[in-house]
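Trainee: Give me a model of this one.
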Amino acid sequence: MPSRRQPFFRTYVFSLDHKVIGIQYAITGLLFLLFGFSLMMVMRYQLAYPMTPVPFIGGLLSQANASGGILLPEFYNQLGAMHGTVMVFLGVVPLAIGGFGNYLIPLQIGAADMAFPKLNLMSYWVYAVGGLIMIATFFVPGGAAQSGWTSYPPLSVIASGGQTWWLVGMLFLITSSTLGSINFIVTIVQLRAPGLTWMRLPFFVWAQFAAAFLLLLAFPPLEAAGVLQLMDRVAGTSFFLPSGLVVAGQAVTSMSGTAEGTLASGGGNPLLWQHLFWFLAHPEVYVLILPAMGIVGEIIANNTRRPLWGYRGMVYSVGFLTFMSMVVWAHHMYITGMGTTLAAFFQTTTMIISVPSIVIITSLLMTLWGASIRFTTPMLFALAFLPMFGIGGLTGLPLGLAPSDIHLHDTYYVIGHFHYLVAPGTIFALFAGIYYWFPKATGRRMNDLLGRIHFWGSLVCMNVIFMPMFIQGLGGMNRRLYDGGLQFQHNADLLKWNVVIGIAAWTMGLFQVPFIINFFTSIRWGAPASANPWDATTLEWATTSPPPHHNFDTPPSVYRAAYEYSVPGAERDFSPQFEPERV
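Mentor: Here you go, the predicted model:
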């Protein structure tokens with residue numbers, strides 16, 4: 001019996017369908033990624049050519065932000081803080097978890113929808129409101145937040161009004177992630193198809209399952225910390241504001257937020273915020289990485305036509321990594337004066353947490369060994385993820401050891417390390433997932449030539465952007481300098497790299513144009529795709545492309561493991577989970 005047609009807003013705006021919500025998350029996240037990347041391109045011009053007007057947009061900025069088109073230091077700090085915030089909390093995490101997770105988890109476990117569709121709808125719109133609040137801070141008196149994406153007090157407590165709204169936006173984003181994580185966990189535990197035992201789950205589902213637990217456990221402490229910092233700004237409390245603070249030669253005795261003039265008691269501890277922030281922010285790194293690993297695992301298995309090597313070991317590694325990520329946060333805080341005993345503990349846990357990541361990457365490399373690889377566009381991005389993530393991981397080891405971290409902390413080395421994990425690492429995996437599952441979501445394929453242009457241009461530019469940052473960091477160039485370090489003599493031989501990095505960043509922006517054109521034109525004019533265009537084995541390929549509202553016309557059953565490729569004696573080189581054994 002045909003279902004009654006829903007009104008437009010109920011179908012495409014306030015839908016309860018996990019697929020529509022996943023697409024909403026994905027499109028919104030991609031738009032925020034574009035916005036955050038644009039902020040960075042403006043910053044790179046300032047660093048490459050200090051004290052010169054920014055082309056094109058310099059004249060559009062107010063005199064309070066760019067005098068004569070030249071960025072002012074305060075506005076540069078705003079761009080830096082909002083770039084980090086937008087890329088991590090509004091871009092990568094919503095795309096990786098909200099986009100891919102929402103769309104694919106019910107399909108991959110054979111469910112009709114998420115366990116709590118209304119909670120799912122609420123999660124997206126709370127995220128959207130939080131994102132709009134964040135962007136709106138650029139237009140409040142005093143401008144956007146300028147205390148870094150970490151919002152360290154006491155600077156963040158006495159900063160301009162935009163910092164208050166940054167905290168409000170963060171509370172919305174944290175609430176959204178918490179709601180979504182509960183939904184993911186319950187869905188995976190309760191709604192698996194008959195026959196889909198735990199060790200038959202696709203690796204992607206395991207990765208999302210672990211990431212959901214990290215969000216559920218690590219985000220609430222930061223939400224509590226955000227409320228406390230908000231109270232410091234608007235209610236005159238001093239949870240993070242110390243006594244005897246002197247700024248510009250004057251003792252700080254009151255707030256600069258809406259409670260200006262309210263006496264502050266002092267006695268707060270700025271380091272308490274750092275502990276609460278990094279207790280979330282280091283697990284957050286794995287919230288970024290785990291879905292990326294899951295995506296790459298799916299694509300590598302499909303394009304090598306082989307099962308994932310060491311599947312069980314990969315699953316156990318994800319579990320161990322999830323646990324260990326909760327006990328390494330203070331390696332971001334070695335220079336805060338912590339004792340050698342505590343530093344030794346966090347150095348040890350930091351070295352240990354590298355082991356499960358190595359197990360997963362090694363398993364993916366072993367899957368490639370001796371395989372007849374199909375070099376499709378999603379496979380190119382997935383393959384590039386491996387060395388890029390490897391560089392990011394290896395360069396993180398010196399930062400996990402206190403003796404070397406003391407010298408490298410707050411230099412461009414840290415920026416290079418983190419961005420190798422997130423930019424050519426995680427974001428490449430997300431691009432791979434878009435190219436891979438685009439036919440399932442739309443029923444059409446993306447253009448392969450445009451995809452390859454996008455890949456090769458992005459790969460070259462990413463490395464030209466971030467590799468020189470290791471040179472700058474080892475040379476002692478500090479990050480967050482408005483003039484790129486021009487004022488310090490020891491940076492003289494390193495400044496030339498800012499020009500190289502800037503040109504590479506703007507060129508990479510141009511290489512995103514083929515992707516944007518490809519994405520939107522393929523929705524309408526792409527080559528039609530069958531239900532299973534990649535000859536894959538997992539459950540999402542059992543239904544039509546795109547899937548109907550309830551995903552499956554007939555509820556599927558699972559008869560085998562997730563990656564039965566190239567089984568000896570089989571008629572084809574893939575044996576889908578949803579097909580019964582042939583007698």
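Trainee: distance of the most centrally placed residue in the chain from residue 59?
Mentor: A centroid search over the chain (CA atoms, centre = their mean) returns residue 92, at 2.9 Å, as the residue closest to the centre. In this view, residue 92 and residue 59 are 32 Å apart by CB to CB, to the nearest Å. Using the backbone N, CA and C atoms, a C-beta is placed for each residue, glycine as well.
Trainee: ok, and the closest non-adjacent residue to residue 372?
Mentor: Of all residues not flanking residue 372 in the chain, residue 305 sits nearest, at 6.8 Å (CB to CB, 6 or more residues apart in numbering).
Trainee: Could you verify my assumption that the one you found touches residue 567?
Mentor: No: applying CB atoms under 8 Å, one finds residue 305 not in contact with residue 567, separated by 10.3 Å.
Trainee: Between those two, point out the one with more neighbours.
Mentor: Set side by side, residue 305 and residue 567 show more neighbours around residue 305, with 16 against 13, by other CB atoms under 10 Å.
Trainee: Name the spans of this protein whose pLDDT lies under the cut-off.
Mentor: Applying pLDDT under 70 to the chain flags the ranges 1-5, 252-265, 583.
Trainee: which stretches of the stretch 1-150 of the chain form helices?
Mentor: Here the stretch 1-150 of the chain has its helices, by DSSP state H, counting those that start in this stretch, at 8, 18-48, 73-85, 93, 102-109, 117-136.
Trainee: Could you check the angle the longest helix anywhere in the chain makes with helix 102-109?
Mentor: In the chain, assigned by DSSP state H, the helix with the most residues is helix 270-304. Here the directions of helix 270-304 and helix 102-109 differ by 50 degrees (axes from the mean of the first three to the mean of the last three CA atoms, to 10 degrees).
Trainee: Just give the number of residues close to residue 352.
Mentor: Residue 352 - counted by other CB under 10 Å - has 15 other residues nearby.
Trainee: One more: residue 35?
Mentor: Neighbour count of residue 35, defined by other CB under 10 Å: 18.
Trainee: Show the contacting residues for residue 104.
Mentor: The neighbours of residue 104, taking CB atoms under 8 Å, 6 or more residues apart in numbering as the test, are 22, 204, 437, 540.
Trainee: List only buried entries from these.
Mentor: Taking 16 or more other CB atoms under 10 Å as the criterion, what is buried in the contacts of residue 104 is 22, 204, 437, 540.
Trainee: Return the member of these nearest to residue 359.
Mentor: residue 204 (17.2 Å; CB to CB).
Trainee: Grab the nearest non-local neighbour of the residue nearest to the centre of the chain.
Mentor: Closest to residue 92 by CB to CB, 6+ apart is residue 288, at 5.4 Å.
Trainee: What of residue 465?
Mentor: residue 504 (4.6 Å).
Trainee: which secondary structure element contains that neighbour?
Mentor: helix 496-525 (DSSP states H and E).
Trainee: buried sites along that helix?
Mentor: For helix 496-525, burial by neighbour count (16+ other CB under 10 Å) applies to 497-498, 501-502, 504-505, 508-509, 511-512, 514-515, 518-519, 522.
Trainee: what packs against it?
Mentor: Helices and strands touching helix 496-525, by 3 or more CB pairs under 8 Å, 6 or more residues apart in numbering; DSSP states H and E, are helix 18-48, helix 428-442, helix 448-474.
Trainee: In a markdown table, list those along with distance to residue 407.
Mentor: Listed next are the helices and strands packed on helix 496-525 as a markdown table, based on distance: least, CB to CB, whole Å:
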| stretch | distance to residue 407 |
| --- | --- |
| helix 18-48 | 22 |
| helix 428-442 | 30 |
| helix 448-474 | 9 |
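Trainee: Can you say which of these is packed in most?
Mentor: Scoring the helices and strands packed on helix 496-525 by mean neighbour count under mean count of other CB atoms under 10 Å gives helix 428-442 as the most buried, with a mean of 25.
Trainee: so how far is it off the chain centroid?
Mentor: Taking the mean of its C-alpha atoms, helix 428-442 sits 16 Å from the chain's own mean (CA atoms, centre = their mean, to the nearest Å).
Trainee: repeat for stretch 288-303
Mentor: The answer for stretch 288-303 is 15 Å, by CA atoms, centre = their mean.
Trainee: Output the contacts of residue 104 in JSON lines; the columns should cover distance to residue 151.
Mentor: As requested, those are arranged in JSON lines below (distance: CB to CB, whole Å):
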{"residue": "22", "distance to residue 151": "29"}
{"residue": "204", "distance to residue 151": "32"}
{"residue": "437", "distance to residue 151": "35"}
{"residue": "540", "distance to residue 151": "39"}
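Trainee: what's the closest of these to residue 246?
Mentor: Distance ranking of those against residue 246, using CB to CB, places residue 22 first at 50.4 Å.
Trainee: surely the closest one meets residue 102?
Mentor: Yes: look at residue 22 against residue 102 with CB under 8 Å: they come within range, at 3.5 Å.
Trainee: Quick check: the farthest pair among the buried ones among the contacts of residue 104?
Mentor: Using CB to CB, those reach their maximum pairwise distance at 22 and 204, which is 13.3 Å.
Trainee: doesn't residue 461 make contact with the residue nearest to residue 465?
Mentor: Yes: using CB under 8 Å, residue 504 is in contact with residue 461, at 4.8 Å.
Trainee: can you tell me how far the residue nearest to residue 92 sits from residue 533?
Mentor: Taking CB to CB, one finds residue 288 at 28 Å from residue 533.
Trainee: Show me which of the two is the more surrounded one.
Mentor: Ranked by neighbour count (other CB under 10 Å), residue 288 and residue 533 place residue 288 first, with 23 against 18.
Trainee: ok, now how distant is residue 467 from residue 126?
Mentor: Distance, residue 467 to residue 126, by CB to CB: 38 Å.
Trainee: Neighbours of residue 67, how many?
Mentor: 14.
Trainee: Quickly list what it is bridged to.
Mentor: Here residue 67 sits in beta bridges with residue 70, going by DSSP bridges.
Trainee: could you list every residue that touches the residue nearest to residue 200 when sequence neighbours are not counted?
Mentor: Residue nearest to residue 200 in three dimensions, not counting chain neighbours: residue 561, with 5.3 Å by CB to CB, 6+ apart. Contacts here follow CB under 8 Å, 6+ apart; on that basis residue 561 touches 199-200, 307, 311, 577.
Trainee: Widest-spaced pair of those?
Mentor: Greatest spatial distance in the contacts of residue 561: 311 and 577, 13.5 Å, computed using CB to CB.
Trainee: Now do the residue nearest to residue 200 against residue 206, distance only.
Mentor: 13 Å.
Trainee: Equivalent analysis for residue 227, please.
Mentor: Taking CB to CB as the measure, residue 227 falls 33 Å from residue 206.
Trainee: that's a strand at residue 323, yeah?
Mentor: No: according to DSSP: H, G, I helix; E, B strand; the rest coil, the state of residue 323 is helix, so it is not within a strand.
Trainee: so how far is stretch 81-99 off the chain centroid?
Mentor: In this view, stretch 81-99 has its centroid 5 Å away from the chain centroid, taken as CA atoms, centre = their mean.
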